[in-house]
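S.K.: A structural model of the following input is requested.
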Amino acid sequence: MRILEIIGICFGTLLVVLFAVLLRTRLLMLSGGTIRLQVRVTTLVPGRGWSTGIGRFAGDELRIYRMFSFAFRPKRVLDRRHLGVQQRRLPEGPERLNMPGHWVILLCRQHGEDIEIAMAESTVTGFLSWLEAGPPGQPGSVAPRPTIDPRPAEN
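M.R.: Residues are numbered from 1 along each chain as shown. Now for the predicted structure:
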């Protein structure tokens with residue numbers, strides 16, 4: 001009887017943990033502006049080291065959260081003003097086993113650091129549009145509109 005109680009407690013704990021992870025994921029996706037993606041966290045083994053996550057657009061930032069985590073803070077933040085896409089490629093070798101066939105891998109550079117992101121091909125289009133849609137110049141450097149005087153000019 002004691003063994004059944006231990007198994008029941010372990011099973012119940014597992015269900016609570018699974019529910020907590022799914023609830024966190026749902027809360028992150030609730031506000032909208034989210035995408036499914038994978039980020040390469042290590043390059044020790046070629047083709048491996050990918051972490052599944054959720055990308056959330058917030059102003060000029062793409063906040064990347066790990067899928068299977070309890071943290072409500074993003075694991076990585078990409079700033080649109082300092083981010084550039086260097087290369088675009090299809091998954092190769094062991095990567096094809098980890099990702100769906102219609103996914104694309106982007107090699108990005110931010111502050112001199114290379115970051116590899118994988119996402120669906122349709123998502124890449126939206127990501128690149130978001131990346132290019134930033135306002136020109138630094139934030140706050142937009143010149144004010146000239147005011148037009150409604151009175152006729154006097155000669």
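S.K.: in the chain, which spans are helices?
M.R.: 2-30, 95-98, 121-132 (DSSP state H).
S.K.: state the distance from the spatially most central residue of the chain to Gly49.
M.R.: Closest residue to the average C-alpha location of the chain: Gly55 at 2.4 Å, with Cα atoms, centre = their mean. Per Cβ to Cβ, to the nearest Å, Gly55 is found 18 Å from Gly49. C-beta coordinates here come from the backbone N, C-alpha and C atoms, glycine included.
S.K.: ok, which stretches of the chain are strands?
M.R.: Counting by DSSP state E, the chain has strands at residues 34-40, 50-58, 61-66, 76-79, 83-89, 103-110, 113-120.
S.K.: need the contact partners of the fifth one.
M.R.: Residues lying outside strand 83-89 but in contact with it, judged by Cβ atoms under 8 Å, 6 or more residues apart in numbering, are 62, 104-110, 114, 124, 128, 131.
S.K.: JSON lines for those residues, including distance to Arg81, neighbour count and pLDDT?
M.R.: Output for the contacts of strand 83-89, formatted as JSON lines (distance: Cβ to Cβ, whole Å; neighbours: other Cβ atoms under 10 Å; pLDDT from 0 to 100):
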{"residue": "Leu62", "distance to Arg81": "12", "neighbour count": "24", "pLDDT": "89"}
{"residue": "Val104", "distance to Arg81": "23", "neighbour count": "19", "pLDDT": "92"}
{"residue": "Ile105", "distance to Arg81": "23", "neighbour count": "20", "pLDDT": "91"}
{"residue": "Leu106", "distance to Arg81": "17", "neighbour count": "19", "pLDDT": "92"}
{"residue": "Leu107", "distance to Arg81": "19", "neighbour count": "15", "pLDDT": "92"}
{"residue": "Cys108", "distance to Arg81": "13", "neighbour count": "18", "pLDDT": "90"}
{"residue": "Arg109", "distance to Arg81": "13", "neighbour count": "14", "pLDDT": "90"}
{"residue": "Gln110", "distance to Arg81": "10", "neighbour count": "16", "pLDDT": "89"}
{"residue": "Asp114", "distance to Arg81": "18", "neighbour count": "12", "pLDDT": "90"}
{"residue": "Val124", "distance to Arg81": "20", "neighbour count": "20", "pLDDT": "90"}
{"residue": "Leu128", "distance to Arg81": "15", "neighbour count": "13", "pLDDT": "88"}
{"residue": "Leu131", "distance to Arg81": "10", "neighbour count": "16", "pLDDT": "86"}
